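Visitor: Here's my sequence, what's the structure:
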Amino acid sequence: MKRNLLTLLSLTLLLSVSSCTIEVNDDSGTPTITNPGNTAGVLPEGGKLSGEITSNLTIKKGNYTLEGIVKVADGATLTIEAGATFTVSTAVTSSLVVLQGGKILALGTANEPIVFTTTAKTPGGWGGITIYGKAPIKAVNGNTTAVSEDGNAITYGGTDANFSSGILKYVRVEYAGKKISDGTSETNTFTFYAVGDGTILENLVAYKGTDDGYEFFGGTVSAKNIVSYGNYDDSFDWQDAWSGQNNTNWYAFQTVTGNFGMEIEASANIDNTPPKISNITLIRDANTNPEVAGSTEISAIQFKRQGTGIFSNVYISGYKNTGGKNAYSVLIQEQTTETNQVATNKIKVEPLNYVNSDNPGVWGYAYTPVAVKTFTNTATVSKVSLTAGAWATVDGVNLLSALQ
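Guide: Below you'll find the model as predicted:
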């Protein structure tokens, strides 16, 4: 009783100077900070992150929990140091959302990554990490704003192509990509809404989510050294005319359940700036099937609805015909995309090395094409090279082993 009284007295004093809500677990005495209002708050070791972060908060190396939809508000910065691990609650709808004007500085290292995981270790247990920036988008009909599909119904889209929402570096997110009960909304492991190219995205792992590993909704941000492993839908996905120009070293390993390696569209906007990605490796394990039996979503790269991209040094392996459907290195869905984007050189996938896969030497088309695109494998294109370490290791399994 005395210890609890002293704890409460000390917390009362802390409350008077930090303007935050603190709860005490009667069994352990461990404090929880909710809605921190201090200008330089630090979440105590073992604490719980929840609610809205309205001013600066730092989380140091250690173990923590994350519960509910945690939002980093406009003007606030969430700093997470190397070696911080979050166990996310799956008993409620949980996610980490950086709102427009908020910032996240998550600075892990190869051997001390920042990790978000769950106790159940079941895909789709939570909503992953979502960032809203202030960069331009082109949504349906060329609209410069749109409403998010992550269940938060937030309007996104801006005018600052160079805006920074912070840094994600050596961050691994496990078992996310949650389907939302309304039947139309969903979250991915990493979701970027109108994120600007002042934001740094490097050495990230999306591990076993039930939707896309990474999805970009417009914006100008680029990503380097990113891994999508065992995600149910597409490994990489974008729309709303995302136009990142400095992307490199993207690696996907699809296993058990997976649709396209990459699904690309521009929300039907003919006039868009093709994103550029150098060094792409897409590998599909032999046991992999699409989410829906008999689906045609089994090719490595799909372009649709005026989607564009300039890809160089592409290595693709393991894309086999499945369920009576053909798999291709590249699949074009409509003649309008061929006419407006392929024929104008806004879609390029070269040089390409397409091995251990069906239908080599030709692109696929979901219609009768104007001109069949052919290619010759370039054997000098090899798999991407990524730094080994704890950041890409889960439960003792090296996620990069297929690159060796």
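Visitor: make it CA atoms for all contacts and neighbour counts henceforth
Guide: Fine.
Visitor: Would you list the phi and psi of Gly309?
Guide: Backbone torsions for Gly309, taken as degrees, to the nearest 10, come to phi 180, psi 140.
Visitor: Which residues does it form beta bridges with?
Guide: Assessed by DSSP bridges, Gly309 has beta-bridge partners Ile347.
Visitor: wait, it sits on Ala266?
Guide: No. Counting by CA atoms under 8 Å, Gly309 does not reach Ala266; the two are 10.1 Å apart.
Visitor: which of those two has more neighbours?
Guide: Comparing Gly309 with Ala266 by other CA atoms under 10 Å, the one with more neighbours is Ala266, at 29 against 25.
Visitor: Check which helix or strand the more buried one maps to.
Guide: Assigned by DSSP states H and E, Ala266 belongs to no helix or strand.
Visitor: oh, and call the first residue 22 from now on, that's how I've got it
Guide: Okay, using 22 as the starting number, the last item reads as Ala287.
Visitor: Wait, it touches Asn293, no?
Guide: Yes. Here Ala287 lies in contact with Asn293, judged by CA under 8 Å, at a distance of 7.2 Å.
Visitor: Give the residues shared as contacts by those two.
Guide: Residues touching both Ala287 and Asn293 by CA atoms under 8 Å, 6 or more residues apart in numbering: Ala262, Thr329.
Visitor: so where's the stretch 22-171 of the chain uncertain?
Guide: For the stretch 22-171 of the chain, applying pLDDT under 70 flags the ranges 22-61.
Visitor: Would you quantify the distance from Gly146 to Ile135?
Guide: Counting by CA to CA, to the nearest Å, the gap from Gly146 to Ile135 is 18 Å.
Visitor: what's the answer for Asn77, then?
Guide: To Ile135, Asn77 is 18 Å away according to CA to CA.
Visitor: between these two, which one's more packed in?
Guide: Ile135 (28 against 22).
Visitor: Ile90 is in contact with Cys114, correct?
Guide: I think there's a mix-up here, since residue 114 is Thr and not Cys. Yes. At 6.7 Å, Thr114 counts as touching Ile90 under the criterion of CA under 8 Å.
Visitor: of the two, who's got more company?
Guide: Just comparing Thr114 and Ile90: by other CA under 10 Å the higher neighbour count belongs to Ile90, 20 against 15.
Visitor: Quick check: phi and psi at that one.
Guide: According to degrees, to the nearest 10, Ile90 has phi -90, psi 110.
Visitor: gap between it and Gly83?
Guide: Counting by CA to CA - Ile90 and Gly83 are separated by 21 Å.
Visitor: try Leu126
Guide: Taken as CA to CA, the span from Leu126 to Gly83 is 16 Å.
Visitor: Same question for Leu303.
Guide: 34 Å.
Visitor: again with Thr100
Guide: 13 Å.
Visitor: between those two, who's got more neighbours?
Guide: The residue with more neighbours, out of Thr100 and Gly83, is Thr100; 19 against 16, by other CA under 10 Å.
Visitor: my guess is the more buried one meets Gly129, correct?
Guide: No. Using CA under 8 Å, Thr100 makes no contact with Gly129, being 10.7 Å away.
Visitor: Helices along the chain, start to end?
Guide: With DSSP state H as the criterion, the chain has helices at 23-39, 356-358.
Visitor: Can you list the buried residues in stretch 281-289?
Guide: The neighbour-count check on stretch 281-289 (16 or more other CA atoms under 10 Å) flags Phe281, Gly282, Met283, Glu284, Ile285, Glu286, Ala287, Ser288, Ala289 as buried.
Visitor: farthest-separated two in these?
Guide: Distance extremes for the buried residues of stretch 281-289: the farthest pair is Gly282 and Ala289 at 20.5 Å, using CA to CA.
Visitor: Residue ranges in the stretch 272-421 of the chain under the pLDDT threshold?
Guide: By pLDDT under 70, the stretch 272-421 of the chain contains no weakly predicted segment.
Visitor: All the strands of it, residue numbers only.
Guide: Taking DSSP state E, counting those that start in this stretch to define them, one finds strands in the stretch 272-421 of the chain at 283-285, 297-305, 322-324, 330-338, 351-353, 368-370, 373-376, 385-386, 414-415, 418-419.
Visitor: got CSV for the ones you listed, with distance to Ala160 too?
Guide: Output for the strands of the stretch 272-421 of the chain, formatted as CSV (distance: least, CA to CA, whole Å):
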stretch, distance to Ala160
strand 283-285, 14
strand 297-305, 20
strand 322-324, 16
strand 330-338, 17
strand 351-353, 20
strand 368-370, 20
strand 373-376, 30
strand 385-386, 25
strand 414-415, 37
strand 418-419, 38
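Visitor: And those strands: which comes nearest Thr241?
Guide: strand 297-305 (10.9 Å).
Visitor: so what secondary structure elements neighbour the closest one?
Guide: strand 268-275, strand 330-338 (3 or more CA pairs under 8 Å, 6 or more residues apart in numbering; DSSP states H and E).
Visitor: In TSV, list those strands along with distance to Tyr349.
Guide: As requested, the helices and strands packed on strand 297-305 are exported to TSV (distance: least, CA to CA, whole Å):
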stretch	distance to Tyr349
strand 268-275	15
strand 330-338	10
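Visitor: Can you tell me which of the ones you listed is most buried?
Guide: strand 268-275 (a mean of 24; mean count of other CA atoms under 10 Å).
Visitor: got the angle for that strand vs strand 297-305?
Guide: Counting by axes from the mean of the first three to the mean of the last three CA atoms, to 10 degrees, strand 268-275 lies at 10 degrees to strand 297-305.
Visitor: pLDDT at the residue most central in space within the chain, what is it?
Guide: Nearest to the mean C-alpha position of the chain, by CA atoms, centre = their mean, lies Phe211 at 2.3 Å. Looking at Phe211, its pLDDT is 98.
Visitor: in terms of contact, does it touch Ala227 like I think?
Guide: Yes. Phe211 is within contact range of Ala227, at 7.1 Å (criterion: CA under 8 Å).
Visitor: list residues touching both of those two?
Guide: Shared contacts of Phe211 and Ala227, counting by CA under 8 Å, 6+ apart, come down to Val194, Gly234, Tyr235.
Visitor: Select only the buried ones of those in PyMOL?
Guide: Selection command for PyMOL covering only the buried members of these, criterion 16+ other CA under 10 Å:
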select buried, resi 194+234+235
